[in-house]
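J.: here are the coordinates; sequence isn't available:
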């Protein structure tokens, strides 16, 4: 029997992001009812009208991908990315324009969390051995750093049904996650067709921070630029708020977009925020962050947070196309819950 684990690391995501003062608004109380079974859906009809907690609970069986790719699966919707989808994405490279679209940060960027930064110069006896090294540490989750969430990052509510594909939360140890760590994504990378859905352009400019994006908005963006999200695509949803999106107030996708993303067989979701609406919408007292709380543990869909979609939108406009080749390479840090990344689009 292993020694009892120090529970000090078992903190609320909300407390980590927003601090103790904001934690009071988070609700996953022990007296709430259990969510519907996450067993894989041989799903009847997908429920698209998800307007509150009860609707979402009823929709879970039709949303879940548990068992879809076998009981040992650890990459979820990245299974939709195949050699064929990769080759099709490579065919989109025509002009060679390269667009990195991570946010640039430094040790003094606002809202970085748990930052340690030390720059050291060194001078060895030989002049050619002079130089500098630095030490960098931080918590990548939050609203400042462009990062990919691993599938171990979010449990089912209170962990009662485990993690994605039914893995036990006890797989998460002080030494890292033994299942669903970021290295599983790092082994294959995120490489395929990216599609920019520019909701900000559809609405005539950046959305007011805290706005809600629904499936109709996503489809209006498709029509505006004659693109359609399909199997294996990496979906980028631009709201135009960028760094103005915070935990206190942020634009995101409505829960009704969950069915839309599943039906389209998207592989990854990204936006210029964390993709959830902040504060939570009325009716969502248990499922306060449906994109994170459902996409990650039920659909097995990684989320790429805080991308610089203004830079990407400018490149799309210049190239006059809104689909492009994308490469995202998470680090291979075994058991980690996330990885800072610099997504690269090539036109």
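T.: Received, thanks. This structure is a prediction, so every number in the text was calculated from the model and none was measured.
J.: dihedrals phi and psi, the residue nearest in space to the middle of the chain?
T.: By CA atoms, centre = their mean, the chain has its centre lying nearest to residue 303, at 1.4 Å. Dihedral pair for residue 303: phi -120, psi 130, per degrees, to the nearest 10.
J.: which helix or strand contains the residue of the chain most remote from its centre?
T.: Relative to the centre of the chain, and counting by CA atoms, centre = their mean, the farthest-placed residue is residue 125 at 47.3 Å. Residue 125 belongs to no helix or strand when assigned by DSSP states H and E.
J.: what about the strands in the stretch 151-300 of the chain?
T.: 172-173, 176-177, 190-198, 212-213, 234-238, 252-253, 268-271 (DSSP state E, counting those that start in this stretch).
J.: any chance of a markdown table for those, columns mean pLDDT, distance to residue 140 and mean neighbour count?
T.: Heads up, the C-betas are built off the backbone N, CA and C, glycines and all. Shown next, in a markdown table, are the strands of the stretch 151-300 of the chain (pLDDT from 0 to 100; distance: least, CB to CB, whole Å; neighbours: other CB atoms under 10 Å):
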| stretch | mean pLDDT | distance to residue 140 | mean neighbour count |
| --- | --- | --- | --- |
| strand 172-173 | 96 | 17 | 18 |
| strand 176-177 | 96 | 14 | 20 |
| strand 190-198 | 98 | 16 | 25 |
| strand 212-213 | 98 | 24 | 22 |
| strand 234-238 | 98 | 19 | 27 |
| strand 252-253 | 98 | 19 | 28 |
| strand 268-271 | 98 | 15 | 28 |
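J.: can you pull out the helices in the stretch 151-300 of the chain?
T.: Counting by DSSP state H, counting those that start in this stretch, the stretch 151-300 of the chain has helices at residues 182-186, 199-202, 215-225, 257-264, 290.
J.: same question for the stretch 1-150 of the chain.
T.: Going by DSSP H, counting those that start in this stretch, the stretch 1-150 of the chain shows helices at 13-18, 20-23, 53-63, 83-90.
J.: comparing those helices, which yields the minimum mean pLDDT?
T.: Lowest mean pLDDT of those: helix 20-23, a mean of 33.
J.: shaky segments in the stretch 51-200 of the chain?
T.: Within the stretch 51-200 of the chain, the segments meeting pLDDT under 70 span 127.
J.: is residue 116 in contact with residue 135, as I believe?
T.: Yes: contact criterion CB atoms under 8 Å: residue 116 and residue 135 qualify, at 6.7 Å.
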